[in-house]
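Student: sequence isn't available, so here's the structure alone:
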């Protein structure tokens, strides 16, 4: 057991010196007790690996930590024991009988404590050895870098004068930087204050604008709702107007058909002079004449640009009305009645205006009836003077005679002209006719296919020549 203890106190290169014997415990250890304490498994069963000397610990390289020769100087390395009392190293790997099989007495506690201290010294020795090899590796690495570049890559060589100049410039910058920063800072502060004020103004404007936008949105919504209501109302009114238009159109068609039928019957009845006297003796004759005047004017203004066909109910209604007036003017009583009433004279004015405004080469039947009515009225002396007093009447008739191509229109126009110039005391009409109607045109009419036109043209030529001979 004493031999085993000597093996655990193997001297090392570190500061711990071996103790004189296993019987002297180290300071600070507690006195042994009667009851032995069981050592830990790691202490009772050490493995063989900690005592195997590695290449790093057995082959130290040259350096500042090279051990010197002493009483325990190893020959080849740190872990090679020398000849003497330190030879048995296997005591660490092979536990003695005292550790595994404790005996009664104080030697049991002392042996366990000595073993524990030896293990601590061994751990410290291994840690020192590792640190030594780590430092040694760093030293070799630094030597290699110095041999390769002489200066590490992370460092720069600067001349002393350049460093002094750099220090001077740095101090100058330290002095000038506060002045520059203070001036720039004051300018920036002033600008920031102005910008902040501008931002505040803009925020106020934005708030006012948002309030206005809210009001306008409210107004817009109200206007849109009102507009929608107006649209619905307009749509409803359009529908009602369309219905009323259809009803009015139907009523107009019905009225035109009824008027055409009644007036056509009245037109046929008015061919008899006795019937004419009966009609004119009624109380509604002035209303009837005013109705004829307004109807002819409305018909002309409505269909001046788009003249309807003669087969329509409206055309039949207008033809029947004018035909009734023509038949009334064919009787002596009717001519005198028409020219003696204001409604009758207004009707004569409407007929002459119709001849001037109606489109040419259209409504030949209606124009024939109007010319026949004027011719019948011209037989009456009062009516003749009234027609001749109309300004431009002769020029209108001559223009109508020259422009119209319908044979009946030309014949009836010549009849009216011949009737107007038949008054021997009215020389003004003859002069107007001589100025408006060229003689060569009358010569052309003498060769017309219609015999009545030829006769009337010859009579006019003779009247004109007689007027010139008298002058």
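Tutor: Great, that's in hand. Since the structure is predicted, the reported quantities are computational estimates derived from the model, not experimental observations. Residues are numbered from 1 along each chain as shown.
Student: helices and strands around the top helix by length along the chain, which ones?
Tutor: Counting by DSSP state H, the longest helix found in the chain is helix 160-269. Packing partners of helix 160-269 (3 or more CB pairs under 8 Å, 6 or more residues apart in numbering; DSSP states H and E): helix 313-329. Where you see a C-beta, it was placed from the backbone N, CA and C, and this is true even at glycine.
Student: contacting residues around the helix it packs on?
Tutor: 253, 256-257, 259-260, 263-264, 266-267, 270-271, 276, 279-280, 289, 291-292, 295-296, 299, 308-310, 334-335, 337-338, 347, 365-366, 369-370, 372-373, 376-377 (CB atoms under 8 Å, 6 or more residues apart in numbering).
Student: out of the residues you listed, list just those in helices.
Tutor: Residues of the contacts of helix 313-329 located in helices (DSSP H): 253, 256-257, 259-260, 263-264, 266-267, 276, 279-280, 289, 291-292, 295-296, 299, 334-335, 337-338, 347, 365-366, 369-370, 372-373, 376-377.
Student: now residue 462: which helix or strand?
Tutor: Using DSSP states H and E, residue 462 maps to helix 451-470.
Student: domain parsing of the protein, as residue ranges.
Tutor: For the chain, automatic domain parsing gives the domain ranges 2-147, 158-266, 267-470.
Student: and these as TSV, adding mean pLDDT and mean neighbour count?
Tutor: What follows is the domains of the chain, written out as TSV (pLDDT from 0 to 100; neighbours: other CB atoms under 10 Å):
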stretch	mean pLDDT	mean neighbour count
domain 2-147	51	13
domain 158-266	88	11
domain 267-470	84	17
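Student: give the contact list for residue 446.
Tutor: Counting by CB under 8 Å, 6+ apart, residue 446 has contacts 454, 457-458, 461.
Student: mind doing that once more with 7 Å?
Tutor: 454, 457-458 (CB atoms under 7 Å, 6 or more residues apart in numbering).
Student: for it, which non-adjacent residue is spatially closest?
Tutor: Take residue 446 and drop its neighbours on the chain: the residue closest to it by CB to CB, 6 or more residues apart in numbering is residue 457, 4.7 Å away.
Student: packing partners for the helix or strand residue 122 falls within?
Tutor: Applying DSSP H and E as the criterion places residue 122 in helix 107-149. Contacts defined by 3 or more CB pairs under 7 Å, 6 or more residues apart in numbering; DSSP states H and E place helix 107-149 against helix 2-8, helix 41-44, helix 97-100.
Student: from the chain's centre, how far out does it sit?
Tutor: Distance of helix 107-149 from its chain centroid, counting by CA atoms, centre = their mean, to the nearest Å, is 82 Å.
Student: ditto for stretch 293-313
Tutor: Its chain's C-alpha centre and that of stretch 293-313 lie 52 Å apart, by CA atoms, centre = their mean.
Student: how long is it end to end?
Tutor: Using CA to CA, to the nearest Å, the end-to-end distance of stretch 293-313 comes out at 18 Å.
Student: for stretch 296-311, same thing?
Tutor: End-to-end distance for stretch 296-311, by CA to CA: 17 Å.
Student: neighbouring contacts of that stretch?
Tutor: 314-315, 318, 350, 354, 357-359, 362-363, 365.
Student: switch those residues over to a markdown table; also include distance to residue 196.
Tutor: Output for the contacts of stretch 296-311, formatted as a markdown table (distance: CB to CB, whole Å):
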| residue | distance to residue 196 |
| --- | --- |
| 314 | 83 |
| 315 | 87 |
| 318 | 87 |
| 350 | 86 |
| 354 | 86 |
| 357 | 81 |
| 358 | 84 |
| 359 | 82 |
| 362 | 85 |
| 363 | 87 |
| 365 | 93 |
